[in-house]
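Novice: Have a look at this prediction, sequence included:
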Amino acid sequence: TQDALREKGRSVDTEGFDAAMDAQKAKARAAWSGSGEAKDAAIWFDLAEKHGATEFLGYDTETAEGQVLAIVRDGASVNRLDEGETGWIIVNQTPFYGESGGQVGDTGTVRGVGDDDDHAEITDTQRFAEGRIFGHQAQVTKGALAVGAPVALKVDHTRRSAIRANHSATHLLHEALREVLGDHVAQRGSLNAPDRLRFDFSHNKAMSADEIATVEAQVNRFIRQNSPVETRLMTPDDARGIGAQALFGEKYGDEVRVVSMGDAATGKGANGNTWSIELCGGTHVTRTGDIGLCVLLGDSASAAGVRRIEALTGSGALEYRAGQDRRLAEVAAALKTPAGEVVDRVKALQNERKELAAEVADLRRQLAMSACGQAPAEAETVGGMALHAQVLTGVTGKDLPPLIDEHKARLGSGAVLLIADTGGKAAVAAGVTDDLKGKLSAVDIVRAAVAELGGKGGGGRPDLAQGGGASTENAEAAIAAVKKLMEG
């Protein structure tokens, strides 16, 4: 740049440029929160400036050799980690993916080159200093790891394969959601772990069972298609020009990775026949068939206007389906019906339960009415009005309103107070015939009775009201309070 400007008679303010760069670095240090467990972010920026960025080899390999450039333990640089110690090791190049864009960091092993006496387990991989440094959390299990030592790194293949499957399934899921729900769907967050995937997306209502089933079927259709998953490097503008979507949380430079999968006439991609095409820096399967199977576990609310889907792939999905089949078989056996008829059998049992519940309620009502004989004969005259007051057992609060109506019909004119012992609690209901509503309110009757039963309040209409109390021990006092109310 300086040479080009010099030819035009211009110069570069290098001092000003250096000052601006230093200011930007200071600003980045202050703002960076990191994704790992560093106590002091500054150390990672220092390491990045001293050693440069970590070269990531994990797109093409799961094993590599490198040199230990630095070790960080408890927020400070150290020269070595001995057996039993844990810290972060930084190498010049690595096949380990550092957590980013929703994809969790790799785990695996590291050992000294040509020396099996030095060995450590890598339990996590994170990115530091704005993603420039890959930190490998190492627990030394044998020997020691020292700065400057050559090491061999090996990613846990089984775990990485499961993560790759979930990440690729996330791309297929994203496109399926857009196709089923609409183009407004956009990623709002994700998690690609070895045991599951989670995908947050913009949508303002819960998905129906049919929508979830359609999305799941669409994802699995492209999994069975077993089309190649292709990755190309291009500029962000060129990528967007062929229909690539930028994913939430990703940072893009002058060159981006474009991941394509699925064969469909969409007009997207270089040849217009790519189903899913996204900008993505994560690792992916070689062919969609490597995902195996995808099972959606349902959707839920994540935030205002954001829904969340969780899903399983591969062996996890197969195990989930097998578990569902076992549970269905157990239910079918308990119901003594074929698995295909379980739903109809359950519906039939629900209907039977409703009918039995109605019969029980009617029997309770009949029992309560027969216990009191003819209501008019038992009614007292209080304040010039008939009052039927009764304490009941074997009925619930729900049974009281129809009993009130029946007693009111028998009285013709008057008030009814029923107190039911519901197993330690008191349920109270009161009724007043229409001709007396101008003089007496069922609400006032309930409140007077409830106050004596250790309760508060009560409500309803002038002709029917309900309330509750702590117990029926003071039932006689409650009846006396109602009589006092009616006497004025």
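Specialist: That came in fine, so what should we check first? Residues are numbered from 1 along each chain as shown.
Novice: got the contact list for stretch 43-62?
Specialist: Contact with stretch 43-62 is made by 25, 28-29, 32, 34, 38, 64, 69-70, 72, 75-77, 90-98, 106, 108, 128-129, 132-135, 154-155, 157, 160, 231, 283, as judged by CB atoms under 8 Å, 6 or more residues apart in numbering. Heads up, the C-betas are built off the backbone N, CA and C, glycines and all.
Novice: Just the buried ones from these, in PyMOL syntax?
Specialist: Buried residues among the contacts of stretch 43-62 (16 or more other CB atoms under 10 Å), as a PyMOL selection:
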select buried, resi 29+32+34+38+64+69+70+72+90+91+93+94+95+96+97+98+106+108+128+129+132+133+134+135+154+155+160+283
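Novice: Can you pick out the ones from the contacts of stretch 43-62 that are in strands?
Specialist: Judged by DSSP state E, the contacts of stretch 43-62 include 64, 69-70, 72, 76-77, 90-91, 93-94, 108, 128, 133-135, 154-155, 231 as members of strands.
Novice: Contacts only, for G316.
Specialist: Counting by CB under 8 Å, 6+ apart, G316 makes contact with A162, D195, R196.
Novice: Not including adjacent chain positions, what is the nearest residue to D254?
Specialist: Leaving aside its sequence neighbours, D254 sits nearest to T235 (CB to CB, 6 or more residues apart in numbering; 6.6 Å).
Novice: whoops, I mixed them up, V342
Specialist: Spatial nearest neighbour of V342, excluding adjacent residues (CB to CB, 6+ apart): A332 at 5.3 Å.
Novice: Please spell out which residues along the helix or strand hosting that neighbour are buried.
Specialist: Using DSSP states H and E, the element containing A332 is helix 314-335. Using 16+ other CB under 10 Å as the test for burial, helix 314-335 gives G314, G316, A317, Y320, A332.
Novice: Same check on stretch 382-394?
Specialist: Going by neighbour count (16+ other CB under 10 Å), the buried part of stretch 382-394 is V382, M385, A386, L387, H388, A389, Q390, L392.
Novice: Strands along the stretch 151-300 of the chain, start to end?
Specialist: 187-192, 197-202, 230-234, 245-246, 256-263, 274-279, 294-303 (DSSP state E, counting those that start in this stretch).
Novice: Quick one: distance of the helix holding A332 to the chain centre.
Specialist: Remark: helix 314-335 is offset 22 Å from the chain centroid, using CA atoms, centre = their mean, to the nearest Å.
Novice: if we can go back for a sec, looking at the contacts of G316, state which has the most neighbours.
Specialist: The most crowded member of the contacts of G316 is A162, carrying 21 neighbours; neighbours defined as other CB atoms under 10 Å.
Novice: Can you tell me the closest non-neighbouring residue to that one?
Specialist: P194 (4.1 Å).
Novice: Give me the neighbour count for the one you found.
Specialist: The number of residues packed near P194 is 20, by other CB under 10 Å.
Novice: I'd assumed N166 was in contact with it.
Specialist: Yes - taking contacts as CB atoms under 8 Å, P194 lies within contact range of N166: 7.4 Å.
Novice: pull the helix or strand with minimum mean pLDDT from the chain.
Specialist: When each helix and strand of the chain is scored by mean pLDDT, DSSP states H and E, helix 375-378 comes last, with a mean of 50.
Novice: Where does pLDDT dip in the stretch 201-350 of the chain?
Specialist: By pLDDT under 70, the weakly predicted segments of the stretch 201-350 of the chain are 247-252.
Novice: Try it again at 90.
Specialist: Low-confidence segments of the stretch 201-350 of the chain (pLDDT under 90): 236-255, 267, 269-272.
Novice: circling back: next helix or strand past the least confident helix or strand of the chain?
Specialist: Assigned by DSSP H and E, the successor of helix 375-378 is strand 380-382.
Novice: Neighbouring strands of that next one in the sheet, and parallel or not?
Specialist: Strand pairing for strand 380-382, determined by DSSP bridges: strand 385-393 (antiparallel).
Novice: roughly how far out does the following helix or strand past the partner strand sit from the chain middle?
Specialist: Using DSSP H and E, the helix or strand that follows strand 385-393 in sequence is helix 400-411. Chain-centre distance of helix 400-411: 50 Å, with CA atoms, centre = their mean.
Novice: The contacts of G316 into CSV, with extra columns for pLDDT?
Specialist: Formatted as CSV, those follow (pLDDT from 0 to 100):
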residue, pLDDT
A162, 97
D195, 96
R196, 96
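Novice: possible to save these as CSV with distance to E452?
Specialist: Formatted as CSV, the contacts of G316 follow (distance: CB to CB, whole Å):
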residue, distance to E452
A162, 67
D195, 60
R196, 58
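Novice: List of residues touching the helix or strand encompassing V110?
Specialist: In this assignment (DSSP H and E), V110 forms part of strand 108-112. Strand 108-112 is contacted by residues 62, 89, 96, 118-122, 136, 138, 143, 145, 149-156 when judged by CB under 8 Å, 6+ apart.
Novice: mind listing the helices for this protein?
Specialist: Per DSSP state H, the chain carries helices over the ranges 2-7, 14-31, 42-51, 157-181, 209-225, 236-241, 314-335, 342-372, 375-378, 400-411, 442-452, 475-487.
Novice: Please point out which parts of stretch 136-149 sit buried.
Specialist: If you call a residue buried by 16+ other CB under 10 Å, then stretch 136-149 has these buried ones: H136, Q137, A138, V140, G143, A144, L145, A146, V147, A149.
Novice: Including pLDDT and distance to R447, could those go into CSV?
Specialist: As requested, these are exported to CSV (pLDDT from 0 to 100; distance: CB to CB, whole Å):
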residue, pLDDT, distance to R447
H136, 97, 72
Q137, 97, 67
A138, 97, 72
V140, 96, 75
G143, 92, 81
A144, 93, 80
L145, 94, 78
A146, 94, 83
V147, 96, 81
A149, 93, 84
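Novice: between those, which is nearest I419?
Specialist: Of all the buried residues of stretch 136-149, I419 sits closest to Q137, with 68.0 Å by CB to CB.
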